[in-house]
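>>> I would like the atomic coordinates for the input below:
(4 chains)
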2 protein chains.
Amino acid sequence: MTVEETRSRRAMDRIGLLLARHGGISNARMRDALEATGLSTRQGITLMHLAENGPIGQQALVEALGVDPSALVAILNDLERDNLVERRRDPADRRRHIVVLTDAGGSVLTRVDAAMDAVERELFVHLDADEVATLHRLLSRINTAVNDDACREV
Amino acid sequence: MTVEETRSRRAMDRIGLLLARHGGISNARMRDALEATGLSTRQGITLMHLAENGPIGQQALVEALGVDPSALVAILNDLERDNLVERRRDPADRRRHIVVLTDAGGSVLTRVDAAMDAVERELFVHLDADEVATLHRLLSRINTAVNDDACREV
DNA sequence: TATTGTTATACTCTATAACTATA
DNA sequence: TATAGTTATAGAGTATAACAATA
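Residues are numbered from 1 along each chain as shown, chains lettered A, B, ... in the order given. Modelled structure (predicted):
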């Protein structure tokens, strides 16, 4: 018997609360699974973005990742300490730091992907591929456009 | 142009990360909407549970809500200070506190419901009723049974 | 000795504002 | 004067362990 099975069902009749709770669980599982890589979820997402979109300034990275500038500084400090990214001054505008993925950063991404795959397999074990695709499509259509100042968890 | 529209799409191709992010947004919206009632989301859920299931001991409430015992103490302290709940000693076992919803606590629930309704309307404005029902059903089938020690956000 | 609730504490995440260096 | 990045700090949320009262 698990905690979830005994938990109040009525409150979770509210889809907004159900979404919040299961989102938090997904967040926690991702964090736990990535612990083996030594990365936080946001550090993993940062590496993913760099691998997919190439070098980028911190300001642009702030908008791409949806994190606060001061939070990004902490993320990059840790990644740079572990030689997974490099900050290079932009010669065209010496205020700017261009963030570049290192070879070590690229290679750790395979472990990040494997960890995230495992989390998703476990979360959606009771859903078939069509259902997961439907869930993904419906989640992506949730309206997140307004209230940009709301906090981000990932 | 919003932050979300410029955000990295590739990372959000991962349904686990999308679920975590949109769950966090739902959580934040609920928190902001409930600010007018002076309640946190967890305080609101606690009142909902008491209204639906009647008086209950704190230990049972801990399991029903999925919060830490020490967190529940803080939740109930604030609710009791505002006369929304009462803690009564169980005469049959004087270690136990039975938590009871007050009349004032019951009446504030109508405002909690209205606030949560508004959040859900806004989040799912691009989905029709069938799609919301499908999303709700799929979310409820996510496997949350294992790793009970994972953190809870709501 | 075990259980119920409480307190104290620490740790993470997030948000805000002030600061620097460059433009 | 404005912008890119940084630092310092405060707040919320969560988890852990030690504690008092009662069984």
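>>> Do any residues in stretch A:41-51 lie close to DNA strand D?
No - counting by CB under 7 Å from any atom of the strand, DNA strand D has no neighbours in stretch A:41-51; the shortest distance is 12.4 Å. Backbone N, C-alpha and C define where each C-beta goes, glycine included.
>>> could I have that stretch exported to CSV, CA atoms only?
Coordinates of each C-alpha in stretch A:41-51 appear next as CSV, following Å, rounded to 0.1, in the frame of the first residue of the first chain:
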residue,chain,number,x,y,z
THR,A,41,17.7,18.9,-13.9
ARG,A,42,18.3,22.4,-15.0
GLN,A,43,22.0,21.7,-15.6
GLY,A,44,20.9,18.8,-17.8
ILE,A,45,18.4,20.9,-19.7
THR,A,46,21.1,23.5,-20.2
LEU,A,47,23.5,21.0,-21.7
MET,A,48,20.7,19.6,-23.9
HIS,A,49,20.0,23.1,-25.2
LEU,A,50,23.7,23.8,-25.9
ALA,A,51,24.0,20.5,-27.8
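>>> List the contacts of it.
A:27, A:30-31, A:34, A:37, A:39, A:56, A:61, A:64-65, A:67, A:71-72, A:75-76, A:78-79, A:84-85, A:99-101, A:105-106, A:108-109, A:112, A:116, A:154, B:8, B:10-11, B:17, B:20 (CB atoms under 8 Å, 6 or more residues apart in numbering or on different chains).
>>> gap between the longest strand that chain A contains and the chain center?
Scanning chain A for the strand with the most residues, using DSSP state E, yields strand A:93-101. How far strand A:93-101 lies from its chain's middle: 22 Å, per CA atoms, centre = their mean, to the nearest Å.
>>> in that strand, what's buried?
For strand A:93-101, burial by neighbour count (16 or more other CB atoms under 10 Å in any protein chain shown) applies to A:97-99, A:101.
>>> what's the average pLDDT for that strand?
What strand A:93-101 shows for mean pLDDT is 96.
>>> got it, and stretch A:72-90?
Mean pLDDT, stretch A:72-90: 95.
>>> Does it reach chain B?
No - using CB under 8 Å from any CB of the partner chain, we find that stretch A:72-90 stays clear of chain B, coming within 13.2 Å at best.
>>> Would you mark the buried spots in that stretch?
A:72, A:75-76, A:78-79, A:84-86.
>>> Over to stretch A:106-118?
A:108-109, A:112, A:115-116.
>>> Out of these, which two sit at the greatest distance?
A:108 and A:116 (12.7 Å; CB to CB).
>>> rewinding a little: JSON lines please, covering the buried residues of stretch A:72-90 and showing secondary structure.
Formatted as JSON lines, the buried residues of stretch A:72-90 follow (DSSP: H, G, I helix; E, B strand; the rest coil):
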{"residue": "A:72", "secondary structure": "helix"}
{"residue": "A:75", "secondary structure": "helix"}
{"residue": "A:76", "secondary structure": "helix"}
{"residue": "A:78", "secondary structure": "helix"}
{"residue": "A:79", "secondary structure": "helix"}
{"residue": "A:84", "secondary structure": "coil"}
{"residue": "A:85", "secondary structure": "strand"}
{"residue": "A:86", "secondary structure": "strand"}
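>>> Adding distance to DNA strand C, write the residues you listed out as TSV.
Below are the buried residues of stretch A:72-90 laid out as TSV (distance: CB to the nearest atom of the strand, whole Å):
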residue	distance to DNA strand C
A:72	10
A:75	9
A:76	13
A:78	10
A:79	13
A:84	17
A:85	17
A:86	18
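>>> what's the weakest-modelled helix or strand in chain A?
Within chain A, confidence by mean pLDDT, DSSP states H and E is lowest for helix A:3-6 among all helices and strands, at a mean of 34.
>>> Next SSE downstream of that one?
helix A:15-34 (DSSP states H and E).
>>> Which residue is it, in chain A, that comes closest to chain B?
Nearest residue of chain A to chain B: residue A:23, at 1.0 Å (CB to the nearest CB).
>>> measure that residue to DNA strand C for me?
Separation of residue A:23 from DNA strand C (CB to the nearest atom of the strand, to the nearest Å) stands at 11 Å.
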